[in-house]
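sequence plus predicted model, see below.
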Amino acid sequence: MLRVTKLTDYGIVVMTFLAASAADSLAARDIANAAKLPLPVVSKVLKMLARHSLLVSHRGVTGGYGLARDPREISIAAVIQALEGPIAITECSDRTGGCGRQARCSVKANWNLINRAVHSALEEITLAEMTRPMRQPLVTLGPTGRQHPVA
């Protein structure tokens, strides 16, 4: 089963909350309370996202965290990469040498195609879109142009 980690799930919740907020900056405690997430986890996520320039931190009494860019310019792929590293569903999708069978693998090219499709889909979804329910569009995968319904 393919899954994002709990930390990344929380990170997307935090980023979506900030995208929907009218405030330019919110304290970690306020974000944690509003999102109903543990403060230590929220603090960790906020620091990681700030390190990857997705958030800006403001010091002082009225300090806190805010989005570094417009929510329409931040993709879900960027959030996942900031918290988990490169998006790869198999070892060979991420780097060379991760698998002993790589040189003679008959499905590596297909996994790379699938990985690019997943990455592309995540790249196309923005934080702004995550703040509201999305339609269930068809996704086109592969060079044949076949469309597959999204579950």
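Received it, and whenever you're ready, just let me know what you need. Numbers count the residues shown, from 1 in each chain.

could you use CA atoms for every contact and neighbour count after this?
Noted.

shaky segments in this protein?
For the chain, the stretches with pLDDT under 70 are 1, 93-99, 102, 136-151.

now the helices for it?
6-20, 28-35, 39-51, 76-84, 91-94, 108-124, 127-130 (DSSP state H).

who wins for proximity to Gly64 among those?
Of all the helices of the chain, it is helix 28-35 that lies closest to Gly64, at 6.4 Å by C-alpha to C-alpha.

that closest one to helix 6-20, inter-axis angle?
Between the axes of helix 28-35 and helix 6-20, defined by axes from the mean of the first three to the mean of the last three C-alpha atoms, to 10 degrees, the angle is 90 degrees.

which residues touch helix 28-35?
Outside helix 28-35, the residues that touch it by C-alpha atoms under 8 Å, 6 or more residues apart in numbering are 13-14, 17, 38-39, 42-43, 46, 64-65.

how many neighbours does Ala109 have?
Using other C-alpha atoms under 10 Å, Ala109 has 12 neighbouring residues.

gap between the residue lying farthest from the centre of the chain and Ile89?
Residue farthest from the centre of the chain, counting by C-alpha atoms, centre = their mean, is Arg104 at 32.1 Å. The gap separating Arg104 from Ile89 is 19 Å, by C-alpha to C-alpha, to the nearest Å.

and if you look at Leu67?
In terms of C-alpha to C-alpha, Leu67 sits 28 Å off from Ile89.

so which of these two has more stuff around it?
The neighbour comparison of Leu67 against Ile89 (other C-alpha under 10 Å) goes to Leu67, with 21 against 18.

find the residue closest to the more buried one in space, skipping its chain neighbours.
Spatial nearest neighbour of Leu67, excluding adjacent residues (C-alpha to C-alpha, 6 or more residues apart in numbering): Leu55 at 4.5 Å.

so that neighbour touches Gly64, yeah?
No. In this structure, Leu55 is not within contact of Gly64 by C-alpha atoms under 8 Å, at 10.0 Å.

neighbours of the closest residue to Leu122 other than its chain neighbours, how many?
Excluding the flanking residues, the one nearest Leu122 by C-alpha to C-alpha, 6+ apart is Ala77, at 4.9 Å. Counted by other C-alpha under 10 Å, the residues lying close to Ala77 total 20.
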